[in-house]
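> Need a 3D model of the sequence below.
(2 chains)
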Amino acid sequence: MDMKLNVQSSPHIRDNISTRLVMLDVVIALIPASVWGVLRFGLNAALVIIVSVLACLISETIFNMIVKKPNTIDDLSAVVTGMILALNMPPEVPLFIPVVGAVFAIVIVKMLFGGLGQNFMNPALAGRCFCLISFAGPMSNYKSALSVDAYSSATPLVLLKQGSEVNLFDMIFGYTPGTIGEISAVCLLIGAVYLLVKKIIDLKIPMVYLISFTIFILIFSGKTTDVNYILGEIFGGGLIFGAFYMANDYTTSPITMLGEVVYAVFLGVMTGIFRLWGKSGECVSYVILMGNILVPLIESITIPIAFGKEGK
Amino acid sequence: MYTFRHGVHPNERKELAKDKPIRVIKAGKTLVYPLQQHIGAKAKATVKVGDRVLVGQIIGEADGMISANVLSSVSGIVKAIEDRLVVGGQKVESIIVENDDKYDAIEGFGVERDLNSMSKEEIIKAVKDAGIVGLGGASFPTHVKLQPKDPDKIDYVLVNGAECEPYLTSDYRLMLEETEMLIKGLRSMLRVFPKARGIICVEDNKRDAYDKIKAALAGVDNIETALMKTKYPQGGERQLIYAITGRKINVSKLPADAGVVVDNVDTVVSIGYAVCKSTPLLRRIMTLSGDAYNETANLNVRFGISYKEVIEAVGGFKTEPEKMISGGPMMGLPVFSLDMPVSRNSSALLAFAKDPLTGLRETNCINCGRCVKACPINLVPTKMYKAAKAGNFEEYIKLNGQECITCGSCSFVCPAKKPLTPYFSYMKFAVRGYLNSKKEKEAKK
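Residues are numbered from 1 along each chain as shown, chains lettered A, B, ... in the order given. Reported below is the predicted structural model:
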């Protein structure tokens, strides 16, 4: 028998999972929220999503060409970045803004730091915040061509700040103004359940984030018994979107289990502080970026104790 | 149900061979016995070229505190004593015996003995003479395990029937077919540790074996059974001890330090044969499985038979394999030649038409944390990997990298297909060298 056998070190089998499949599942999970955003806000919303995704793919391709590296867009992470960036944009934003955001997210935040997995901030959120600062006006104009209801352009968080009541049904099902992807808690949660079932995400970061935020505002808002207010804060703004799709981004959240809890509590408390005492109601993006920056520190102090090394 | 934290769930694929009863295969003309088939010092040859040897005769004598005898599994003439290739890739001094097909055995071979009339010392001697080593994979000499520093501290004797590696079914078959001898083996061990409870631990994917053992134990008071969750690496020594007793040991401790002795099913059956039937360890049970074989099987193979002959016994290959593994797919060794003898750690010989690793592309680590959630030792594999790649030994030690049991769980779940476990296997030795040279430097100062 003259056979040629492959020789590698163990293990000799691998789980049927790859970075690409992970990213594909996130794209699938974002579809309900994207479709709802387009249905709700119309053509420009669809264009924002398409332009943002394309801009991400193209800027990653060009960057790889310039630095003479193999193209990496087939891992689909640029598609995820493009979608999350687009879903964080107001519906009537001029189309050059998502392009600027995409280039910033991919080139500055991701590729310059070494590409996928090397970035220290969530690229889509950094791109969004870059646009928020650079184009404050169009980025916070939530008027929509299609929304003709009473709230017109006042987002639920603005109403809550003014002390008005909010319509919880509209918030949960997505009939309020807001960014393209954040308005429908139901659509976002459908995607989140999909990711949970496929074991792409687990509940730790999202739930600890939401619970610590809720406890914080229950204590400090002075409106502990106002159910409309408390639920409005939870379902308002980008909190649900942030908690299930951005705070738990693999690369920019802690890898240690205790670290995940510390990080999520930090996000919850900071979101509470900004929501209660900040000027703008919208703070989830900034808070998550702040959390991202703390991740290396959190990880370094939460290395788990190895099995059998307890008490030493 | 008993279990440990973390771990992974590889596809079990045990259905391929689980219903194949163990069958004995014939030995060929030439048998090869490496003198190093165990952890510890190499055995010393006690025969010369030209000598006639008998079945069960010691041809290599345990040399030192931790060592084991090597025995001839056939009768015949010693043809040569020379270096031969073994599965790990090394060349090891081996005794080559030409089989005369007479199977003349040593005096007293196969004589029934009454366990109750045997003393502790007699039992340990029987185990040592029989050349028994741990057949789960590590090949630690069993008689050494039976003589811990403080025998009175031992309060558990665990039989490891987890068989958590995919494809492997040899322990399962033994539990079904040799239930009696398994219990006799454990009773022999309990005579050495009279204060201990014996527990036969089985994963719940082998329910019928568990039930059979449980039924056979009716009326026996110091032996129990424990059903464990099917999860890899449930059969890892530290995981098993923790699952059953709640005690934790680390790399610097032996199971005996936690009052536990653990032996694999085949080892305990072999103890039973050695003690109660004067039959030394001359064979092992092997699973042949994988899609490249004409037929899968559980075989009773005499040591010294070559892999080639074992494969011929199941009718050869259906398709030429691209990958062969000695042992399970999670921790087994890759096979690169079939001209090697079956030895004590050959728990299985798997053959795959397609290498499951072909075409996998390594991508960037995305910090997903799957390795952290898989690691049964609570380590942070991705950080260890980065430290290992950077040659940062201090960081690697700080991350408790030396605790790694190289079970392969982290590599298995990694979506970026990073070679985590291979790096850790290498670092085990590299860090040891680093620490030694550091100690030397400090001594010089």
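
> residue ranges with poor pLDDT in the stretch 201-312 of chain A?
A:280-281, A:312 (pLDDT under 70).

> what's the closest residue to chain B within the stretch 201-312 of chain A in contact with, if anything?
Closest residue of the stretch 201-312 of chain A to chain B, CB to the nearest CB: A:Gly308 (3.2 Å). Using the backbone N, CA and C atoms, a C-beta is placed for each residue, glycine as well. Residues counted as contacts of A:Gly308 (CB atoms under 8 Å, 6 or more residues apart in numbering or on different chains) are B:238, B:248-251, B:253, B:377, B:403.

> Let me know the secondary structure of it.
coil (DSSP: H, G, I helix; E, B strand; the rest coil).

> Name the nearest residue to it, sequence neighbours excluded.
With sequence-adjacent residues excluded and distances taken as CB to CB, 6 or more residues apart in numbering or on different chains, A:Gly308 is closest to B:Asn250, at 3.2 Å.

> doesn't B:Glu403 make contact with that neighbour?
Yes - at 5.8 Å, B:Asn250 and B:Glu403 qualify as touching, with contact defined as CB atoms under 8 Å.

> Which one of the contacts of A:Gly308 is nearest to A:Asn119?
Looking at these and their distance to A:Asn119, the nearest is B:Ile377, at 29.2 Å (CB to CB).

> What distance do you get for the closest residue to the closest one other than its chain neighbours to B:Cys407?
Once flanking residues are discounted, B:Ile377 sits nearest to A:Phe307: 4.3 Å by CB to CB, 6+ apart. A:Phe307 sits 11 Å away from B:Cys407, going by CB to CB, to the nearest Å.

> residues shared between the contacts of those two?
Common contacts of A:Phe307 and B:Cys407, defined by CB under 8 Å, 6+ apart, comprise B:Pro376.

> mind checking the backbone torsions on B:Ile59?
The phi/psi pair for B:Ile59 (degrees, to the nearest 10) reads phi -110, psi -20.

> Tell me who's in contact with the residue of the stretch 51-200 of chain A found nearest chain B.
Nearest residue of the stretch 51-200 of chain A to chain B (CB to the nearest CB) works out as A:Gly117 at 4.0 Å. By CB under 8 Å, 6+ apart, A:Gly117 lies in contact with A:250-251, B:364-367, B:416.

> Swap in 6 Å and give it another go.
When the contact criterion is CB atoms under 6 Å, 6 or more residues apart in numbering or on different chains, the partners of A:Gly117 are A:251, B:364-367.

> Neighbours of the residue nearest to A:Gly308, how many?
By other CB atoms under 10 Å in any protein chain shown, 17 other residues sit near B:Asn250.

> Mean confidence (pLDDT) on stretch B:345-354, please.
For stretch B:345-354, the mean pLDDT works out to 93.

> how about that stretch against chain A, any contact?
No - between stretch B:345-354 and chain A, judged by CB under 6 Å from any CB of the partner chain, nothing touches; the nearest distance is 8.2 Å.

> how far does that stretch sit from the chain's center?
14 Å (CA atoms, centre = their mean, to the nearest Å).

> Going by secondary structure, the residue nearest to A:Gly308 is in what exactly?
Under the criterion DSSP states H and E, no helix or strand holds B:Asn250.

> returning to what we had before: next, format the contacts of A:Gly308 as JSON lines and append distance to B:Lys206 and pLDDT.
Shown next, in JSON lines, are the contacts of A:Gly308 (distance: CB to CB, whole Å; pLDDT from 0 to 100):
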{"residue": "B:Arg238", "distance to B:Lys206": "21", "pLDDT": "95"}
{"residue": "B:Lys248", "distance to B:Lys206": "25", "pLDDT": "95"}
{"residue": "B:Ile249", "distance to B:Lys206": "25", "pLDDT": "94"}
{"residue": "B:Asn250", "distance to B:Lys206": "29", "pLDDT": "93"}
{"residue": "B:Val251", "distance to B:Lys206": "29", "pLDDT": "91"}
{"residue": "B:Lys253", "distance to B:Lys206": "29", "pLDDT": "91"}
{"residue": "B:Ile377", "distance to B:Lys206": "25", "pLDDT": "96"}
{"residue": "B:Glu403", "distance to B:Lys206": "29", "pLDDT": "95"}
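
> Can you say which of these are buried?
Among those, the ones that count as buried by 16 or more other CB atoms under 10 Å in any protein chain shown are B:238, B:248-251, B:377, B:403.

> Name the residues of chain B found near chain A, please.
Counting by CB under 6 Å from any CB, chain B sits next to chain A at B:248-250, B:320, B:322-325, B:329-331, B:334, B:336, B:355-357, B:363-369, B:372, B:377-379, B:400, B:403, B:408, B:411-413, B:415-416, B:422.

> picking that back up, so between A:Phe307 and B:Cys407, which is more surrounded?
When neighbours are counted by other CB under 10 Å, A:Phe307 and B:Cys407 differ, and B:Cys407 comes out ahead with 28 against 24.

> since we're on the closest residue to the more buried one other than its chain neighbours, how many residues are nearby?
If the residues on either side of it in the chain are set aside, B:Cys407 comes closest to B:Pro233, at 4.3 Å by CB to CB, 6+ apart. By other CB under 10 Å, 25 other residues sit near B:Pro233.

> Please work out which residue of the stretch 201-350 of chain B is closest to chain A.
B:Asn250 (3.2 Å).

> gap between that residue and A:Ile217?
Distance of B:Asn250 to A:Ile217, given as CB to CB: 44 Å.

> do B:Asp63 as well
73 Å.

> So these two - more neighbours on which side?
Counted by other CB under 10 Å, B:Asp63 and A:Ile217 do not tie: A:Ile217 has more neighbours, with 21 against 16.

> Point out the residues in the stretch 101-250 of chain A that sit beside chain B.
Residues of the stretch 101-250 of chain A found near chain B (CB under 6 Å from any CB) are A:115-117, A:250.

> Now for the most centrally placed residue in chain A: which residues touch it?
Taking CA atoms, centre = their mean, the centroid of chain A lies closest to A:Met246, which sits 2.5 Å from it. By CB under 6 Å, 6+ apart, the contact set of A:Met246 is A:122, A:125, A:288.
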